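# can't give you the sequence, but here's the structure:
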């Protein structure tokens, strides 16, 4: 399945963002329709991701996003796999959601792997707000079997702090694994800095 088409101007999602993930595509479309009918929103994006899930992303003023979120949560609770609500979402998360990567040479790399897309975005937002780290990348769902990966870089103590914050913020079922690599080998660093997708290293086009 294709990635959702997401173009995120920073002004559109300030000050709030909500994302819902459904295991049923039909239910996700239903929920998205109900959400946009409920409140005026600055940002509306929706689409399918692997493995057969449907994402609904909305942004705008806090009150309007909250109202839309309530409707979305009530539309199909039996197939809602995860959701987040982020008032004041960090601009680095906005960049990452739009497909941007921030590559820097730092002392350490922190990787936080999540079971769902909303959990990855939540971990990224909490980590970059709570610690002096660079948010290198957020990869979501497609090519990951529905999981998410968040990459933080910085000095070891700060990267560990970001992972601790993210870990505390998430529930056990949302987390897969976290690691800190204090001195990443140059060859692996080059791979990570170019792309985490294996196909990219082989010259495949996505």
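Received, thanks. From a predicted model like this one, the values you see are computed outputs, not experimental measurements.
# from here on, contacts and neighbour counts on C-alpha atoms
Fine.
# What's the mean pLDDT across stretch 21-37?
Mean pLDDT, computed over stretch 21-37, is 96.
# Go through that stretch and flag the buried ones.
Within stretch 21-37, the residues scored as buried using 16 or more other CA atoms under 10 Å are 21-25, 27-29, 31-36.
# just stretch 150-169 next, same as before
Neighbour-count burial for stretch 150-169 [16+ other CA under 10 Å]: 150-156, 158-167.
# Tell me how far it lies from the chain's centre.
Distance of stretch 150-169 from its chain centroid, counting by CA atoms, centre = their mean, to the nearest Å, is 15 Å.
# again, but for stretch 46-65
With CA atoms, centre = their mean as the basis, stretch 46-65 stands 11 Å off its chain's centre.
# switch to numbering from 41
In the new count, where the first residue is 41, that last one comes out as stretch 86-105.
# Over to it now: how far is its first residue from its last?
End-to-end distance for stretch 86-105: 15 Å, by CA to CA, to the nearest Å.
# same deal with stretch 112-131?
Distance across stretch 112-131, first residue to last, is 24 Å (CA to CA).
# Can you give me the buried ones in it?
The neighbour-count criterion (16+ other CA under 10 Å) identifies 112-113, 115-116, 119-127, 129-131 as the buried residues of stretch 112-131.
# residues making contact with that stretch?
The contact list for stretch 112-131 (CA atoms under 8 Å, 6 or more residues apart in numbering) reads 50, 53-64, 67-68, 70-72, 74-75, 102, 106, 109, 156-159, 162, 165, 168-169.
# so of these, which ones are in helices?
Counting by DSSP state H, the part of the contacts of stretch 112-131 found in helices is 67-68, 70-72, 74-75, 102, 106, 109, 157-159, 162, 165, 168-169.
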